[in-house]
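In: Pasting the sequence and the predicted coordinates here, then a few questions.
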Amino acid sequence: MTSSYYESCRSDFWKRVFQQEVDYLRRELAGCKNLLSVGCGPAIIEGMLGHYGFDVTGLDISQEALNQAPDQVRTVLGSAEQTNIESSSFDAIIYVASLQFIDNYSEALRESERILRPGGTILVMLLNPESFFFKQKRRDPESYVNKIRHVNLKAIEQAISQIFALEKTEYFLGIRGPELFKSADPAHSSLYCVKAKKRI
């Protein structure tokens, strides 16, 4: 991650996107306290969740990214596929547009299942490759989306459902240019969200 990436995260547009994502996570994770964010990067969203009472830990493979994390977020350096985190440690695990960038996402999901408490929630927010937003970003050779490794949403959803008990899936957060709006239309929704539970 470069300094230009961190700088772009401070723009008004991304601040509004992050707030929409935080509001969604707060709704879906109501009742959860201890939260692990996998592939958290500079932990901007995680810091915001901390202000709403969540006890947040961020896991990332990049020390440079973790160095940018706010003080209220505990950080763990490591890969999503194999961590040193104790089993059954968290009420909830989130992937905020990170799972598709992990080499072996099935292995990462199995590791998340180990770390999650029985009955705990996993919430995976996936970039939607059919969206106007994604296609626009793809045309920019400098965009982070060009580092994506997995774009088959149904294959990822199936992998999640093989390990966890699927609860809901939905498209979320329409983006067109600077405009943010509610949308369940795959052509407009920037994210596809998958929520599941660890089987007891």
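Out: Looks like it came in fine.

In: Show me where this structure dips below the pLDDT cut-off.
Out: The chain contains residues with pLDDT under 70 at 1-7.

In: Residue 151 - that's part of a strand, no?
Out: No: judged by DSSP: H, G, I helix; E, B strand; the rest coil, residue 151 forms no part of a strand; its state is coil.

In: can you start the count at 12 instead of 1 from here on
Out: OK, 12 is where the count begins now, so the last one is residue 162.

In: Just read off the phi/psi values of it.
Out: phi -120, psi 0 (degrees, to the nearest 10).

In: Report how many residues lie close to the nearest residue to it once chain neighbours are set aside.
Out: Leaving out its chain neighbours, the residue that sits closest to residue 162 by C-beta to C-beta, 6 or more residues apart in numbering is residue 140, at 4.3 Å. Backbone N, C-alpha and C define where each C-beta goes, glycine included. Close neighbours of residue 140, defined as other C-beta atoms under 10 Å, add up to 17.

In: Find the centremost residue of the chain, please.
Out: Centroid-nearest residue in the chain: residue 107, 1.1 Å away (criterion: C-alpha atoms, centre = their mean).

In: Surely that one touches residue 32?
Out: Yes: in terms of C-beta atoms under 8 Å, residue 107 counts as a neighbour of residue 32; the distance is 6.4 Å.

In: Can you check which residues contact both of the two?
Out: Shared contacts of residue 107 and residue 32, defined by C-beta atoms under 8 Å, 6 or more residues apart in numbering, comprise 56, 136.

In: Distance from stretch 148-157 to the middle of the chain?
Out: Taking C-alpha atoms, centre = their mean, to the nearest Å, one finds stretch 148-157 lying 18 Å from the centre of the chain it belongs to.

In: Show me which residues of it are buried.
Out: Neighbour-count burial for stretch 148-157, with 16 or more other C-beta atoms under 10 Å as criterion, is recorded at 148, 155, 156.

In: quick one: the residue nearest to residue 162 is in a helix?
Out: No: per three-state DSSP, residue 140 lies outside any helix segment and is coil.

In: From residue 153, how far out is it?
Out: 18 Å (C-beta to C-beta, to the nearest Å).

In: how about the helices of this structure, start to end?
Out: 14-20, 23-39, 55-62, 74-77, 116-126, 143-149, 164-174 (DSSP state H).

In: tell me which residues form a beta bridge with residue 105?
Out: Residues in a beta bridge with residue 105, per DSSP bridges, are residue 48, residue 134.
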